[in-house]
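K.L.:
coords please:
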Amino acid sequence: MDADAELDLLYRVPPEDFVAARAAAVARARAEADTDSARAIAAARRPTRAAWLANLLVDDARDEVEGLLALAPVLADAQRSLDGAALREVSAQRTRLVGALARRAAALGRAAGARVDPGLERDVRWVLESALADPELADRVRSGRLERYERHSGFGPLAEPDSGPPAPRTSPPHTSSPPTSTDRDAEPAPGTGAPPDTGASRPDGDGELSRRRREARRREAERRAAEEQERRAAQRHARAVAEAEKAVETARLAAHDADREREDTRDRAALAAGRRDDAHRRVAELTAELARARSAAEDADRARDEAERAARDAAARADRAGEDLARAEEILDGLRSD
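P.N.:
Numbers count the residues shown, from 1 in each chain. Purely as a prediction, here's the structure:
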């Protein structure tokens, strides 16, 4: 027996039918005396409903799932670089792909006869988003044999074990200051014999050169200030995006828990309804049986009454026959005596 092929088929079986299908596969393996396959199949665990839909999705759209998982390093680079535009672009692409794949998985589940409500579809979204953040989970998703998944707190790929927080881009410290009168009109060193520069005797070319230098320093300062402002704005935007995504995650977790609680409540209600229906069926069966017993008792009563009437009639006939016999014997005795 090909255990891998059997497991691939098994993880596409709806969860409610998984145990029976697993038992049948184990029985087939044992019938073929394939103990290794029987042991491997028996160790398979029933997947959650969201994991089952993810398995159907991988089987039906493996290339699209791989395309989504390929965004993980791109998202990591955008987060490390604090590139706001790149982060917005890859986040939008991730949201678009996750939504489309989750809807496709839900459609596959409905085609298989399962009831897929919005809460379960959100669970599938969470599976896919968590796989983007967790390489080990991504490998389990790729295998098509996902059983369950762990929530990942946060967005984007997990940091490498030895990596620290991304370092912001820095620019050289700005140490220049506007030129002072001392800078502009510095006196020559003592002993040079040069007269002090009063400005009136400076050639026009020197004044123009000084002005151009001041202008170049001013433009350089403005450029550095603009770069610093842009860097800080990118950092603020990245922090705002992270906070917004964290808020979305918190809301999604709350919705996930509420949906799961609703599903549990529905399951308990369905179980109670099943027990109620069984009880009503049993009552109906007992009522019918009681009605049959009553009918049988009534038939027995009628038969008894008829038997009693027949007995009374027979007794009366016997009495009359006895009387007739006595008269006949009396007549016979009289005839003999004559």
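K.L.:
in which helix or strand would I find D59?
P.N.:
According to DSSP states H and E, D59 maps onto helix 49-60.
K.L.:
The helix or strand containing A303 to helix 49-60, inter-axis angle?
P.N.:
Following DSSP H and E, the helix or strand that holds A303 is helix 204-337. In terms of direction (axes from the mean of the first three to the mean of the last three CA atoms, to 10 degrees), helix 204-337 departs from helix 49-60 by 110 degrees.
K.L.:
Counting neighbours, which bits of stretch 116-132 end up buried?
P.N.:
Residues of stretch 116-132 classed as buried: 116, 119-132 (neighbour count, 16 or more other CB atoms under 10 Å). For the C-beta atoms, the positions are set from N, CA and C on the backbone; glycine is no exception.
K.L.:
let me fix that: stretch 98-116
P.N.:
Those would be 98, 101-102, 104-109, 114, 116, for stretch 98-116 by 16+ other CB under 10 Å.
K.L.:
average model confidence for it?
P.N.:
Regarding stretch 98-116, the rounded mean pLDDT is 94.
K.L.:
which residues sit against that stretch?
P.N.:
14, 49, 52-54, 56-57, 60-61, 64-65, 68, 120-122, 124-125, 128-129 (CB atoms under 8 Å, 6 or more residues apart in numbering).
K.L.:
same thing but 7 Å
P.N.:
If you take CB atoms under 7 Å, 6 or more residues apart in numbering as the criterion, stretch 98-116 is touched by 14, 53-54, 56-57, 60-61, 64-65, 68, 121, 124-125, 128-129.
K.L.:
avg pLDDT for the helix or strand harbouring G67?
P.N.:
Using DSSP H and E, G67 sits in helix 62-69. The average pLDDT for helix 62-69 rounds to 94.
K.L.:
Then stretch 224-240?
P.N.:
The model assigns stretch 224-240 a mean pLDDT of 79.
K.L.:
now stretch 244-264
P.N.:
Stretch 244-264 comes out at a mean pLDDT of 62.
K.L.:
Could you do stretch 130-141 as well?
P.N.:
Mean predicted confidence for stretch 130-141 is 91.
K.L.:
same deal with stretch 297-315?
P.N.:
Stretch 297-315 shows a mean pLDDT of 90.
K.L.:
how close does the residue nearest to the spatial centre of the chain get to V141?
P.N.:
In the chain, the residue lying closest to the centroid (CA atoms, centre = their mean) is D123, at 2.1 Å. Distance of D123 to V141, given as CB to CB, to the nearest Å: 13 Å.
K.L.:
With adjacent residues omitted, what lies nearest to R140?
P.N.:
L146 (5.2 Å; CB to CB, 6 or more residues apart in numbering).
K.L.:
I figured that neighbour was touching A51, is that so?
P.N.:
Yes: between L146 and A51 a contact is recorded at 4.2 Å, counting by CB atoms under 7 Å.
K.L.:
and R45, helix, strand or coil?
P.N.:
coil (DSSP: H, G, I helix; E, B strand; the rest coil).
K.L.:
Would you check that it makes contact with R145?
P.N.:
No: counting by CB under 7 Å, R45 stays clear of R145, with 9.7 Å between them.
K.L.:
Please say which of those two ends up with more neighbours.
P.N.:
R145 (19 against 12; other CB atoms under 10 Å).
K.L.:
Check whether that one sits in a helix, strand or coil.
P.N.:
Criterion first, three-state DSSP; result for R145: coil.
K.L.:
which residues does it contact?
P.N.:
Here R145 is in contact with 7, 11, 55 (CB under 7 Å, 6+ apart).
K.L.:
Select from the residues you listed the one having the most neighbours.
P.N.:
Y11 (26 neighbours).
K.L.:
what separates it from G119, distance-wise?
P.N.:
22 Å.
K.L.:
Mind jotting down where the helices sit in the stretch 1-150 of the chain?
P.N.:
3-10, 15-31, 35-42, 49-60, 62-69, 71-81, 84-111, 118-133, 135-143 (DSSP state H, counting those that start in this stretch).
K.L.:
Find the one among these with the highest mean neighbour count.
P.N.:
Of all the helices of the stretch 1-150 of the chain, helix 49-60 carries the top mean neighbour count, a mean of 23, counting by mean count of other CB atoms under 10 Å.
K.L.:
circling back to that earlier point, now for the buried residues of stretch 98-116: which two are most distant?
P.N.:
Distance extremes for the buried residues of stretch 98-116: the farthest pair is V98 and A114 at 20.3 Å, using CB to CB.
K.L.:
Backbone dihedrals for E147, please?
P.N.:
phi -100, psi -40 (degrees, to the nearest 10).
K.L.:
going forward can the numbers begin at 610, since that is how I track them
P.N.:
Sure thing, new numbering starts at 610, so read that last one as E756.
K.L.:
wouldn't it be in contact with A659 here?
P.N.:
No: using CB under 7 Å as the test, E756 is too far from A659 to be in contact (10.6 Å).
K.L.:
intersection of neighbour lists for those two?
P.N.:
By CB under 7 Å, 6+ apart, no residue touches both E756 and A659.
K.L.:
Send over stretch 733-750 as CSV, restricted to the C-alpha atoms.
P.N.:
Backbone C-alpha positions of stretch 733-750 (Å, rounded to 0.1, in the frame of the first residue of the first chain) are rendered in CSV as follows:
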residue,chain,number,x,y,z
VAL,A,733,-8.8,30.0,6.7
ARG,A,734,-7.6,33.6,6.3
TRP,A,735,-5.8,33.3,9.6
VAL,A,736,-4.2,30.0,8.6
LEU,A,737,-2.8,31.7,5.5
GLU,A,738,-1.6,34.8,7.2
SER,A,739,0.0,32.8,10.0
ALA,A,740,1.8,30.7,7.4
LEU,A,741,3.3,34.0,6.0
ALA,A,742,4.8,34.7,9.5
ASP,A,743,5.8,31.1,10.4
PRO,A,744,8.1,29.1,8.0
GLU,A,745,7.3,25.8,9.8
LEU,A,746,3.6,26.4,9.5
ALA,A,747,4.1,27.3,5.8
ASP,A,748,5.8,23.9,5.2
ARG,A,749,2.9,22.2,6.9
VAL,A,750,0.4,24.1,4.7
